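> just the structure for this:
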Amino acid sequence: MVQIDIEYIGDLHCKITHTPSGQSFITDAPVDNNGKGEFISPTDLTAASIGSCIATIMAIRARNSGFEIEGLRISVVKHMKNEPIRHINKFELRIYLPFKYSEKEFAILQNVVKTCPVSRSLADFVEFDTKFFVEEKEVENNILA
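This is a model prediction of the structure:
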């Protein structure tokens with residue numbers, strides 16, 4: 001169990017504190033929803049959580065399998081929809097692998113996307129468009145050549 005404390009500090013800003021570490025940061029409403037976009041928005045945090053969760057679990061699985069992923073990058077684009085109510089509609093995940101892995105290693109990394117607890121905690125209607133890249137080239141059909 002982890003406690004996160006949220007304090008509304010005015011002007012559509014909230015102070016978020018991770019109580020175990022004492023670390024905190026500020027959120028803001030996004031520009032397209034009355035905010036100034038001065039800080040990360042709550043829905044942007046969801047995108048960040050998905051990307052960092054996937055990267056962290058990939059690192060754990062890689063380490064446990066005897067290989068490393070240092071240099072891995074993940075880009076997450078969040079799409080919002082306003083009907084019937086405002087919600088996250090889709091995430092585009094672009095996973096840039098630092099180098100080519102064996103088929104077994106690549107399969108381990110691919111599986112993490114499906115098992116990320118953050119993405120699995122979202123509603124079923126949220127779409128995911130995931131693409132892998134090696135040396136900036138898209139991996140065709142998610143299969144290493």
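> list phi and psi for residue 3.
Residue 3 adopts backbone torsions of phi -100, psi 130, taken as degrees, to the nearest 10.
> the closest residue to it other than its chain neighbours - how many residues pack around it?
Spatially, and ignoring its direct neighbours in sequence, residue 3 is nearest to residue 19 (4.4 Å; C-beta to C-beta, 6 or more residues apart in numbering). The way it works is simple: take the backbone N, C-alpha and C, and place the C-beta from them, glycine included. For residue 19, the count of nearby residues is 11 (other C-beta atoms under 10 Å).
> average pLDDT for the longest strand that the chain contains?
Counting by DSSP state E, the longest strand found in the chain is strand 87-97. Average pLDDT, strand 87-97: 95.
> and that strand, what does it pack onto?
helix 42-65, strand 73-81, helix 103-115, strand 127-134 (3 or more C-beta pairs under 8 Å, 6 or more residues apart in numbering; DSSP states H and E).
> and the following helix or strand past the third one, what other elements does it pack with?
Same thing as helix 103-115. Moving toward the C-terminus from helix 103-115, the next helix or strand (DSSP states H and E) is helix 117-120. When contacts are defined as 3+ C-beta pairs under 8 Å, 6+ apart, helix 117-120 packs onto helix 42-65.
> can you measure across stretch 122-136, start residue to end residue?
Taking C-alpha to C-alpha, to the nearest Å, the first and last residues of stretch 122-136 lie 29 Å apart.
> no no, stretch 38-45
End-to-end distance for stretch 38-45: 14 Å, by C-alpha to C-alpha.
> spatially nearest residue to residue 30 (excluding sequence neighbours)?
Take residue 30 and drop its neighbours on the chain: the residue closest to it by C-beta to C-beta, 6+ apart is residue 41, 4.2 Å away.
> can you verify my assumption that that neighbour contacts residue 25?
No. Applying C-beta atoms under 8 Å, one finds residue 41 not in contact with residue 25, separated by 12.0 Å.
> give me the more crowded residue out of those two.
Neighbour count, other C-beta under 10 Å: between residue 41 and residue 25, residue 41 has more, with 20 against 12.
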